[in-house]
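Chemist: Predicted model follows, preceded by the sequence.
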Amino acid sequence: MGGHYASQGDAVSRPRSGTRPAVPGAPLYQRTYSWTEKHLKQLWSDILEQAELLETGGKASTHFLGSVVLAPSPQNEATFPQWLVVDGQQRLTTLTLALAAIRDHIAEAQPEEAERIDEEYLINKRKSGNDHFRLLPTQADRPQFAAHIRGAVTDQVAGGGVAAAYGFFRRKLVAADDPAAPQDVFRIEQASTSRLTLVAVTAERGDNVHRIFESLNNTGLKLSQADLLRNYLFMRLPTRGEHIYETYWLPLQNSLSNDELEQLMWLQLVLDGDDRVRRQDLYTAQQQRFEHGEVGEPEIEIGTCPRGDLNPHAR
């Protein structure tokens, strides 16, 4: 595993210095976008501080945002590198939405500059499908995220945390924009792409990225029992993970809060016979359950899917 410092712009467009444009994507086990206005306000304050330093020529150091852990994607190609974002998805998603908001803020008055931002940080112009996007968040957030990167938001994807973050940056840009000083918005862009630094840690092929994710529980927003359990389950489902996520986990995740999902998984464990397990020990108990004896993917799939009398999607 190796690491290096990178700006936000580098982290989105080139996880390793000198490589071709890449697509960092979030694995199945990552949580959905969960930054609140409190987090967004702090980031915006940091961006404005760095933009002011650019305006005054200040020599202060760049602002450190933390680490991003990347691992080679199973779909990696020599001519088109792809990476899994093991840790740092929330920050990269937020900063990408900020750049999309800057692009849309200037699009009418300066379409060429808007196109430049699009092609440098947001899209791979000559690619289609998921490869069109420089960053892919976890599956549940992709319709919202893709709509804002494309710049054509529909009613079906207008709500949720991704839309709220994009809207936050659009409002802040309107408030910060001085018609007499149009360069202000470009200083904000420059601050966002070159004055916010990250430590980019790249795992080698064969490293257990799920274990890395689990060990990073002490950074960013604290992981819940449901987050840890999701990580563990998909670690044990290398071939069936995509199907199980789309069929069982995503519908539950869309209809239940994280707390309700955790409660559901705990109740299933209790009804399956582990009636002494405390809810705060859900992850450890489920881990022990699957690691006792020879448990394959079919058994884990059964354990992943809540019983019919608990599952609100069961018919």
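Modeler: Cool, the structure landed.

Chemist: residue ranges with poor pLDDT in the stretch 1-150 of the chain?
Modeler: 1-30, 58, 74-80 (pLDDT under 70).

Chemist: can you pull out the strands in it?
Modeler: In the stretch 1-150 of the chain, the segments counted as strands under DSSP state E, counting those that start in this stretch are 2-7, 23-25, 63-72, 82-87.

Chemist: Tell me the buried residues in stretch 68-75?
Modeler: Across stretch 68-75, burial judged by 16 or more other CB atoms under 10 Å covers 68-73. C-betas here are computed from N, CA, C, even on glycine.

Chemist: Distance to Leu229 for these - can I get that in JSON lines?
Modeler: Conversion of the buried residues of stretch 68-75 to JSON lines gives the following (distance: CB to CB, whole Å):
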{"residue": "Val68", "distance to Leu229": "24"}
{"residue": "Val69", "distance to Leu229": "20"}
{"residue": "Leu70", "distance to Leu229": "24"}
{"residue": "Ala71", "distance to Leu229": "21"}
{"residue": "Pro72", "distance to Leu229": "25"}
{"residue": "Ser73", "distance to Leu229": "23"}
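
Chemist: any idea which of those residues is closest to Phe290?
Modeler: Ala71 (22.8 Å; CB to CB).

Chemist: Going by residue numbers, what spans are helices in the stretch 151-300 of the chain?
Modeler: For the stretch 151-300 of the chain, helices defined by DSSP state H, counting those that start in this stretch occupy the ranges 161-176, 183-194, 209-215, 225-235, 241-244, 250-255, 258-271, 282-291, 297-304.

Chemist: Make TSV out of these and add mean neighbour count, mean pLDDT and distance to Asp46.
Modeler: Rendered in TSV, the data for these read as follows (neighbours: other CB atoms under 10 Å; pLDDT from 0 to 100; distance: least, CB to CB, whole Å):
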stretch	mean neighbour count	mean pLDDT	distance to Asp46
helix 161-176	18	93	12
helix 183-194	20	90	9
helix 209-215	17	64	25
helix 225-235	22	73	26
helix 241-244	16	78	36
helix 250-255	14	81	30
helix 258-271	18	81	27
helix 282-291	17	74	33
helix 297-304	16	64	39
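
Chemist: Need those helices in JSON lines (columns: distance to Arg126).
Modeler: As requested, the helices of the stretch 151-300 of the chain are exported to JSON lines (distance: least, CB to CB, whole Å):
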{"stretch": "helix 161-176", "distance to Arg126": "25"}
{"stretch": "helix 183-194", "distance to Arg126": "22"}
{"stretch": "helix 209-215", "distance to Arg126": "29"}
{"stretch": "helix 225-235", "distance to Arg126": "32"}
{"stretch": "helix 241-244", "distance to Arg126": "26"}
{"stretch": "helix 250-255", "distance to Arg126": "30"}
{"stretch": "helix 258-271", "distance to Arg126": "38"}
{"stretch": "helix 282-291", "distance to Arg126": "43"}
{"stretch": "helix 297-304", "distance to Arg126": "37"}
